[in-house]
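In: the following block contains a protein sequence and its predicted model.
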Amino acid sequence: MTAHETLPSRRSRRGGDGRAARPAPRRRQTVGGAIVSLIAELLIIAGAGTGLYVVWTAWWTDVVAVKHQTSLVEHLKQRDTTGTGTEHRGPAPVLAEPPNVTDVFGTMQIPRFGKDYDRPIGEGTDREKVLNTIGLGHYQDTAMPGAEGNFAVAGHRVTYGKPLNQIADLKTGDDIVVRVTDPAKKFDVWYVYKVTDSQIVTPDHIETIAPVPNKPGVEPTAEDRWLTLTACHPMWSAKERYVTHAKLDYWMPASEGTPKELSETPK
Amino acid sequence: MIFPFVWRILPGPTALKVFELLVLLAAIVSVLFTWVFPWIAADILPPPDGTVDVTPTP
């Protein structure tokens, strides 16, 4: 074998150029052994890569997205409001739907998801541009908050900041507080919705976000001011959707105060 | 094969080699996290996005 012949000469060369010869020369490897160890190493690398991918999906996307979403909320420059204002139940002021996908026009707070839960809402449900970055995305051409019809919002249940991670914890009567802010138009209004029901459907059930939920074709009346959240179900799967509906309880200009629901702890 | 080769080409004494190895690993992880994994997630294995749609999204 050539390996047998060359190795001793290499060793002697090394020893001869003045440096100390290695006390324990490398173990000689057969071709078969080399292939086996190469395959083993490739498998280790593949395993480590897959593990890292899981870490990236389940953890790193959250770190990046939450940081970005927090900065988007700050960027809206919503001023702190004080006192509890009047709860208006008549026709609500409604902001015109933003023209561009990714326009951030408001925030959503859900006391059931925790006191600090305050996430931006962007226009559109584009996966890359909105759901993976801004978080909550407003289905284009569905109603805006406060309007007759269905303000429909999608969000990830896992990964990318997982804004709707706890959607299955929502109970009937839970509060969903939306604040729509447009400084240029001096528009700043709270909308308080109450959860009515949840359903689990396959992703083709678009009637869940119809103007009157689950009644496609029916014209909404003044009573039909809905909010619908859609997220994945079960977690980590795309098989079904978890859909939660809520109905407008009241609205309040931010200049008048803060909805009392935000300081209450959900039972 | 690969691992001993990397260990051999890293210059310096053992302590320095360990340090170089850590730097190398950090570089590999940051390349994966910044470019490779986002590309895989977007184009190869799109995760569920939670929307209802006429055409079911994967």
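Out: Arrived safely.
In: let's verify the residue of the stretch 151-267 of chain A found nearest chain B: helix, strand, or coil?
Out: Among all residues of the stretch 151-267 of chain A, A:Ala238 sits closest to chain B, at 3.3 Å; criterion: C-beta to the nearest C-beta. (Each C-beta comes from the backbone N, C-alpha and C, glycine too.) Secondary structure state of A:Ala238, per DSSP: H, G, I helix; E, B strand; the rest coil, is coil.
In: quick one: it from A:Glu97, how far?
Out: 27 Å (C-beta to C-beta, to the nearest Å).
In: what number of residues lie near the closest residue to B:Gly12 other than its chain neighbours?
Out: If the residues on either side of it in the chain are set aside, B:Gly12 comes closest to B:Glu20, at 7.1 Å by C-beta to C-beta, 6 or more residues apart in numbering or on different chains. Per other C-beta atoms under 10 Å in any protein chain shown, the neighbour tally for B:Glu20 reads 16.
In: okay, and B:Glu20 sits in which element?
Out: Using DSSP states H and E, B:Glu20 sits in helix B:14-31.
In: for that helix, which outside residues touch it?
Out: Contacts to helix B:14-31, defined as C-beta atoms under 8 Å, 6 or more residues apart in numbering or on different chains, come from residues A:Leu52, B:Val6, B:Trp7, B:Leu10, B:Pro11, B:Gly12.
In: next, the contact list for the second one, please.
Out: Taking C-beta under 8 Å, 6+ apart as the contact definition, B:Val6 lies against B:Leu21, B:Leu24.
In: repeat the analysis, applying 10 Å as the threshold.
Out: B:Lys17, B:Glu20, B:Leu21, B:Leu24 (C-beta atoms under 10 Å, 6 or more residues apart in numbering or on different chains).
In: now do A:Gln29
Out: A:Ala3, A:Ile35, A:Val36, A:Ser37, B:Met1, B:Pro4.
In: make a PyMOL selection of the buried ones in those.
Out: Buried subset of the contacts of A:Gln29, written as a PyMOL selection, criterion 16 or more other C-beta atoms under 10 Å in any protein chain shown:
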select buried, chain B and resi 1
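In: so which of the contacts of A:Gln29 comes closest to A:Val130?
Out: B:Met1 (45.5 Å; C-beta to C-beta).
In: in the stretch 151-267 of chain A, which spans are strands?
Out: A:175-182, A:187-201, A:225-233, A:240-253 (DSSP state E, counting those that start in this stretch).
In: okay, the ones you listed in JSON lines with distance to chain B next?
Out: Shown next, in JSON lines, are the strands of the stretch 151-267 of chain A (distance: least, C-beta to the nearest C-beta, whole Å):
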{"stretch": "strand A:175-182", "distance to chain B": "16"}
{"stretch": "strand A:187-201", "distance to chain B": "7"}
{"stretch": "strand A:225-233", "distance to chain B": "4"}
{"stretch": "strand A:240-253", "distance to chain B": "5"}
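In: any idea which of those is most buried?
Out: Stretch with highest mean neighbour count among these: strand A:225-233 (a mean of 26; mean count of other C-beta atoms under 10 Å in any protein chain shown).
In: that strand versus strand A:175-182: what angle between them?
Out: With axes from the mean of the first three to the mean of the last three C-alpha atoms, to 10 degrees as the basis, strand A:225-233 and strand A:175-182 are set at 110 degrees to each other.
In: which strands and helices sit next to strand A:225-233?
Out: Secondary-structure packing of strand A:225-233 (3 or more C-beta pairs under 10 Å, 6 or more residues apart in numbering or on different chains; DSSP states H and E): strand A:136-138, strand A:149-154, strand A:175-182, strand A:187-201, strand A:240-253.
In: go again with 7 Å.
Out: If contacts are counted by 3 or more C-beta pairs under 7 Å, 6 or more residues apart in numbering or on different chains; DSSP states H and E, strand A:225-233 sits against strand A:149-154, strand A:240-253.
In: elements contacting the last one?
Out: What that stands for is strand A:240-253. By 3+ C-beta pairs under 7 Å, 6+ apart, strand A:240-253 packs against strand A:187-201, strand A:225-233.
In: give me that answer again for 10 Å
Out: strand A:149-154, strand A:175-182, strand A:187-201, strand A:225-233.
In: which one of the ones you listed lies closest to A:Ile134?
Out: Closest to A:Ile134 of those, according to C-beta to C-beta: strand A:149-154, at 11.0 Å.
In: packing partners of that closest one?
Out: Using 3+ C-beta pairs under 10 Å, 6+ apart, strand A:149-154 is in contact with strand A:119-123, strand A:136-138, strand A:175-182, strand A:225-233, strand A:240-253.
In: got JSON lines for those, with mean pLDDT and distance to A:Gln69 too?
Out: Below are the helices and strands packed on strand A:149-154 laid out as JSON lines (pLDDT from 0 to 100; distance: least, C-beta to C-beta, whole Å):
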{"stretch": "strand A:119-123", "mean pLDDT": "97", "distance to A:Gln69": "6"}
{"stretch": "strand A:136-138", "mean pLDDT": "96", "distance to A:Gln69": "9"}
{"stretch": "strand A:175-182", "mean pLDDT": "97", "distance to A:Gln69": "15"}
{"stretch": "strand A:225-233", "mean pLDDT": "94", "distance to A:Gln69": "16"}
{"stretch": "strand A:240-253", "mean pLDDT": "96", "distance to A:Gln69": "20"}
